[in-house]
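Engineer: just to be clear, the model below is a prediction. Sequence and coordinates:
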Amino acid sequence: MSRVRESFPKEARLTRRSEFLLLARRGRKFFTPHFIIIRKDNDHLGKRLGVTVSSKVGNAVVRNRVKRMLREFFRRGQQNFRPDQDTVVIARKGAGDMSYAAVTAELRKVIGPKPNTR
RNA sequence: CCAGCGGACCAGACGGUCGCCUCCGCGCCUUGCGUGGAGGAGGAAAGUCCGGACUCCACAGGACAGGGUGGCCGUUAACGGCGGCCUCGAGCGAUCGGGGGAAAGUGCCACAGAAAACACACCGCCCGGUGGGUUCCGGCCAUACGCCGGUCCUCCGGGUAAGGUUGAAAAGGCGAGGUAAGAGCUCACCGGUCCGCCAGUGAUGGCGGAUGCUUGGUAAACCCCACCCGGAGCAAGACCAAAUAGGAGGGUUGGGUCGUCCGCCCGAAGCCCUCGGGUAAGGUCGCUGGACCCCGCGAGCAAUCGCGGGGCUAGAUGAAUGACCGUCCCGCUUCUCGUUGGGAAGUGCGACAGAAUCCGGCUUACCGGUCCGCUGGUCCC
RNA sequence: GGUCCCAUCGUCUAGCGGUUAGGACGCUGGCCUCUCACGCCAGAAACACGGGUUCGAGUCCCGUUGGGAUCA
């Protein structure tokens, strides 16, 4: 049994402003205390992730750390995401004070693992 | 050892697992993927406060306007930076902080105060008055009336700037002489101004002489003087791809990146402005080897410069440089022991903070640690 | 990333370097009314922060912080 790949190449990222706007208009939204999650099926482009962290969250160091933690969560838990679906995570105020474990615990409630993975 | 001053440097370490970005090599269905290797945030990368490089704008010439700087000399590509020196102030000191012109002109200086800048007027002091009043004293006179002199109050004329509640600031200070009262009126000392000589490139300092010497503060008020500055900025700019119809209205001989004028260049039914619409908001280059870093020698007090040798040290673009685990280090808290110290447990996004064209500075943020030089004090040899 | 602008009561705003920092709406209390509204009277309430220049800063200069605009 081959291990699930945990890479996160550029193809798996949302890089266009228009793509973000499309999800914001058409996607399904979920709210948690520190994040907003938007999901929408795409046209056979694979699992993709976009992250939005505005300056309200903190300074550049804090924003970078939040983005890295969210990408890490996506990378480590790709089996929890449906294929051919785009996901955007928007960080809200206070997200910069969280640890990686806290982020994981909060997002699991929305993106939690399916029982039959691996 | 205690207290302090100045400067330089470091910015947790090692290992493992999973990832990200760039470059190089190899393989393959040369697109891209796989695989191996190398490299991958800072002292402030920050604020964007100065200065340059670079790019574009007839290649930018002049005048005015506008802005900036401000002791002197040096340094540099340049600077508002840096170094040395000068001077004033603070400190016992190491050291630190400030720096053109107020006698070119204009404005302002509230309240208070006599007065806030031509020194005039007020109180006061002094002198004078065949001015007025008559409280008191003395004289003439027997007393009184009256007269004369003094004193007191008031008025007028003059002298004076010593003193005067104030104020942030009061017209050289202080002492003595002098005078009717006073006054640089005179004198000594201090301060100032001017001249000369000497030292220094200079700011400035020293010495000597002359002059009794009215002439605040504010230029981060206007301003004057000296010097500097063309404008915009890598979202600059160049190319490629995609898309559409070169639409409507207006203005005109103009337009050309700065505010005005001149000059210069381009143009002559072309250009400009506004409105509406279409496509796209993509890619490549610019993009990192540079006033670069390290070491040594030399010039210089130093900033800095020259020469020689060695090194290559991020280039992303919804934007890489991370997450987790282990051991150690460090800080904090608690407990404990044989207490200048050691041990155990717990704790910590382990200070501030993330490159975005690149450099030189400045400023601001910052848990701590290391080293060097110096000052004052105390103790010991 | 670059270039600019702004900050005064809760809100919108005035404000010559010298005032007790003014006004409107709102708020609180009182009067009026049977009650509410209107009206009248009174009151509380602010110069973003830190330095500097000045005798004296809301105002002038510098820095910090927080908002906002704009450029392909």
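Structural biologist: Done, it's in.

Engineer: where does chain A have low pLDDT?
Structural biologist: A:1-5, A:112-118 (pLDDT under 70).

Engineer: spatially speaking, which residue is in the middle of chain A?
Structural biologist: Centrality entry for chain A: nearest residue to the mean C-alpha point is A:Val89, 4.7 Å, by CA atoms, centre = their mean.

Engineer: contact partners for that one?
Structural biologist: A:Phe35, A:Ile36, A:Ile37, A:Ile38, A:Leu49, A:Gly50, A:Val51, A:Thr52, A:Leu70, A:Leu107 (CB atoms under 8 Å, 6 or more residues apart in numbering). Just so you know, the C-beta spots here come from the backbone N, C-alpha and C atoms, and that holds for glycine as well.

Engineer: measure the first one to RNA strand B for me?
Structural biologist: Per CB to the nearest atom of the strand, to the nearest Å, A:Phe35 is found 13 Å from RNA strand B.

Engineer: tell me how many other residues crowd that residue.
Structural biologist: For A:Phe35, the count of nearby residues is 20 (other CB atoms under 10 Å).

Engineer: need phi/psi at the residue nearest to it when sequence neighbours are not counted.
Structural biologist: Nearest in space to A:Phe35, with sequence neighbours left out and distances taken as CB to CB, 6 or more residues apart in numbering, is A:Val89 at 5.6 Å. Per-residue torsions, A:Val89: phi -110, psi 120 (degrees, to the nearest 10).

Engineer: longest helix in chain A, please.
Structural biologist: Determined from DSSP state H, the single longest helix within chain A is helix A:60-76.

Engineer: show me what that one is packed against.
Structural biologist: Under the contact definition 3 or more CB pairs under 8 Å, 6 or more residues apart in numbering; DSSP states H and E, helix A:60-76 sits against strand A:48-52, strand A:85-91, helix A:100-111.
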